[in-house]
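Novice: Next come a sequence and a model predicted from it.
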Amino acid sequence: MVANLVNPSSGFRFTVAIDGVNNAAFTEFRLPSLNVETVDIQEGGQNTYVHKLPVRVTVGPATLRHGITKDLTLLKWYLQVMKGDLENAYRQVTVTMYDVGRTPIATWTFRNACPTKWSGPTLKTDDNGVAIEEIEFIHHGFEVE
């Protein structure tokens, strides 16, 4: 569903919904990096290699760049974290990617997301929306549809 507050034009192909409320459109979305941590196991008498066993997956932050919105929900969310209200700051974030015809082609849903970085915009007099240069958030995993 296309955001009610911001319609993605040909320049904006990602919308962001926080807890189901559509708030902003972005032109760039950097997916989190996924890394498998390993532990080295040295086997006695085996000198040609070391066993590497997977331990856990570490997931990096997701980043949205070059956005625009008609409200201050994303900034207020970040300010909540900045003020130390971490217990109430976790949200579900859904990022939907659209094709040129505004048809959804992929959706990422992040559980227990929390913003960790906010980069403000360069202010311009000819813009009537609130620009967002970059917002980065951590999360407890995600699904892709």
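Specialist: That came through, no problem.
Novice: Contacts only, for the nearest residue to Asp99 once chain neighbours are set aside.
Specialist: Using Cβ to Cβ, 6 or more residues apart in numbering and skipping the chain neighbours, the partner closest in space to Asp99 is Ile105 (5.2 Å). Placement of C-beta: from N, CA and C, glycine included. Neighbour list for Ile105: 97-99 [criterion: Cβ atoms under 8 Å, 6 or more residues apart in numbering].
Novice: okay if I get the residues you listed as CSV plus secondary structure and pLDDT?
Specialist: Below are the contacts of Ile105 laid out as CSV (DSSP: H, G, I helix; E, B strand; the rest coil; pLDDT from 0 to 100):
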residue, secondary structure, pLDDT
Met97, strand, 87
Tyr98, strand, 86
Asp99, coil, 83
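Novice: Can I get the buried part of those residues as one PyMOL selection?
Specialist: Filtering these down to the buried ones (16 or more other Cβ atoms under 10 Å) takes a single PyMOL command:
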select buried, resi 98
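Novice: Which single one of the contacts of Ile105 is nearest to Glu133?
Specialist: Of all the contacts of Ile105, Met97 has the smallest distance to Glu133: 19.7 Å, by Cβ to Cβ.
Novice: For the longest strand seen in the chain, list every residue counted as buried.
Specialist: As assigned by DSSP state E, the longest strand anywhere in the chain is strand 104-119. Using 16+ other Cβ under 10 Å as the test for burial, strand 104-119 gives 108-110, 113-115, 118.
Novice: From those residues, pick the one nearest Ala89.
Specialist: Closest to Ala89, out of all of the buried residues of strand 104-119 and judged by Cβ to Cβ, is Cys114, at 5.2 Å.
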